[in-house]
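Visitor: Everything below, folded, please.
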Amino acid sequence: MNELKICWPNESKVLFKGKGIIQAWGEEMARKGWIIEWDPKKWEGCDLVFYGSDSQLQYCPEALGNKPTILYFWGWMPARLLDGSFQRFATEQLPLMVQCTRILVPSLGTMDQVANFGLPSYLCLPGVDSRLLDQGGPVTVEPSRIMFLSRIAPHKRPEVLIHALSLIKPSPKLLMIGPGETGPLKELADNLGVPIEFSEIEDSMKGTELRKGTVLVHPSSYEGFGLPPLEALYCGTPVIAFDIPQMRWLLQEDACYFSTVEGLARTIVQVFQNYDEARETAAHGGKRIKDTLTLERACDRLWLHIHHIHKEFWGEVVRRDPSRWKEAYDEEHKRNWAYSVDRFDPTWARHWRAQTFIDLLKECGAERILDVGCGAVYPTIFARAGFKVTAVDISSEALKQVVEIAERWNVSQLVFPVQGDAMQLDPDEFLEGEYDAVVQAELWEHVPDPEKVISEGLRVLKPGGYLIATTPIGTHHYDPFHIRNFDDDTIRELLKPWADLVKKLDKVGEGSLEPSCYFIVLGKEKLS
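Guide: Sure, this is the predicted structure:
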């Protein structure tokens, strides 16, 4: 279940007559169950904003710093240094990039560029739109048909391909697909005797055209990623690419490479002469791309980044401004709901701490317990063991999950959710000496004042009852929402006011693993 809503502004520019890759990626995310809001004006109602390029930062810059934001940065061409546009980028776009929660890039080269700006970035490969490329029926490969599929721009170097074809007699036919100024290229091809045709196609025709081509040539000298060669391999069409590191990294040994005009001409001839082998190589590349580089796989990669940056953003918020504690934990529980089904299963083996609590709760004869900072699943675990559980959490989102899980496991009659602040429980609702036991599992490290949390727990605890708590040892399981870490000295210092109540202070771990958390039991004295 995905409850996070992502603002995903539409692309302003696309290559073909249809949607661009970022829009296609967003549609794939929606198919996988994410809630996508395409209108950037509605960013305030979303949990995260995904900018598909640095140019999209202009759509809702107000979101920066107020929401978790991802920028997908495709890179900048070195030619920008010569035409003056880099100065505009540096003064207008770069200051906005600095404010993004996370910058994702499609290649190692782009990662180096972002590092040169003094910013961190993370690799998250996009993917080919398999649904789009799979459209259309079987086709017959047209003999000696060379394809160029890209924008017609200087760094794409389409003229290199025309010069190479002029060296082959008779010259193969050339189909150039993509937007741009075609007049000079038509004149060059006519002068050199190269038969040429230009086209701009609908998205739905891309796969068909690629499958009809004998070979795709990609002479570009710079790529932020390099999608057309991947699309060609996906369709089983051989690829010849200019020998730059990005293409070697992306296409591996599934393509041929050239570095000079003469070398390109020789490579084209060799592909024609060994065409069955070239098709076999392309098919190998196509399988690799279908396994790892489709939009569906790209969604899996982006999924991980979304969860990391969402947690990092709100963890920083709650550390910086504890007054936003409830807001941050509401957002965190939305994220958790989409994260893993296992953690919402009360029988999951990783809930080993809860079983330790249950053993002690039975030992002290508890029937009615208070689970403070309960999260989503522990109340159901305790209820399934027969306890009546008042489940308290500051997050209304967490309590919604408590209710749903308890109903799913048929124990809702034993679970009573109440929204409250662990540091200051409502005295009219939580009476002194009301509960047989109080559970504070993995809570102290999250709160600004754990002393108040302990005091409140002891206040509502019946004489003779147990307050049972766990908290991580140091940074054993680091969480951006942790406000503090405890070691042997600081945990004893925290417990000093109640030293005479400490019945247990142990270090425990999962199974045979090393200890990961402190296990604390405070026993409230019985009335004489």
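
Visitor: For this structure, name the helix or strand with the lowest mean pLDDT.
Guide: Of all the helices and strands that make up the chain, helix 80-83 has the lowest average by mean pLDDT, DSSP states H and E, namely a mean of 63.

Visitor: how far does the following helix or strand past it sit from the chain's center?
Guide: Per DSSP states H and E, helix 80-83 leads on to helix 85-88 as the next helix or strand towards the C-terminus. Distance, stretch centre to chain centre, for helix 85-88: 30 Å (Cα atoms, centre = their mean, to the nearest Å).

Visitor: Remind me what helix 85-88 packs against, helices and strands.
Guide: With contacts defined as 3 or more Cβ pairs under 8 Å, 6 or more residues apart in numbering; DSSP states H and E, helix 85-88 has no helix or strand neighbours. C-beta coordinates here come from the backbone N, C-alpha and C atoms, glycine included.

Visitor: Residue 174 and residue 75: what is the separation?
Guide: Noted for residue 174: a distance of 28 Å to residue 75, by Cβ to Cβ, to the nearest Å.

Visitor: can you count the residues close to the nearest residue to residue 98 once chain neighbours are set aside?
Guide: Using Cβ to Cβ, 6 or more residues apart in numbering and skipping the chain neighbours, the partner closest in space to residue 98 is residue 119 (6.6 Å). Each residue near residue 119 was counted by other Cβ atoms under 10 Å, and the total is 15.

Visitor: what about residue 119, helix or strand, and which?
Guide: For residue 119, there is no host helix or strand (DSSP H and E).

Visitor: So it versus residue 298, what's the distance?
Guide: Distance of residue 119 to residue 298, computed by Cβ to Cβ: 22 Å.

Visitor: Equivalent analysis for residue 501, please.
Guide: Remark: distance between residue 501 and residue 298 (Cβ to Cβ) = 54 Å.

Visitor: Specify the local secondary structure of residue 142.
Guide: Three-state call for residue 142 (DSSP: H, G, I helix; E, B strand; the rest coil): coil.

Visitor: Next, the contact list for it, please.
Guide: Going by Cβ atoms under 8 Å, 6 or more residues apart in numbering, residue 142 touches 173, 212, 213, 214.

Visitor: Okay, and the beta partners of the first one?
Guide: Residues in a beta bridge with residue 173, per DSSP bridges, are residue 145.

Visitor: Can you report how many residues lie near the nearest residue to residue 9 once chain neighbours are set aside?
Guide: Sequence neighbours aside, residue 40 is the residue nearest to residue 9 in space, at 4.2 Å (criterion: Cβ to Cβ, 6+ apart). Neighbourhood size, residue 40 [other Cβ under 10 Å]: 19.

Visitor: which strands and helices sit next to the helix or strand harbouring residue 310?
Guide: Per DSSP H and E, residue 310 falls inside helix 295-320. Contacts defined by 3+ Cβ pairs under 8 Å, 6+ apart place helix 295-320 against helix 21-31, strand 48-51, strand 69-72, strand 102-105, helix 130-133, helix 325-339.

Visitor: if we can go back for a sec, how about the residue nearest to residue 9, phi and psi?
Guide: When quoted as degrees, to the nearest 10, the phi and psi of residue 40 stand at phi -70, psi -20.

Visitor: The nearest residue to residue 65 once chain neighbours are set aside and residue 125: what is the separation?
Guide: Of all residues not flanking residue 65 in the chain, residue 99 sits nearest, at 5.6 Å (Cβ to Cβ, 6+ apart). Between residue 99 and residue 125 the computed distance is 24 Å (Cβ to Cβ).

Visitor: And these two? Which one has more around it.
Guide: More crowded of residue 99 and residue 125, by other Cβ under 10 Å: residue 125, with 17 against 14.
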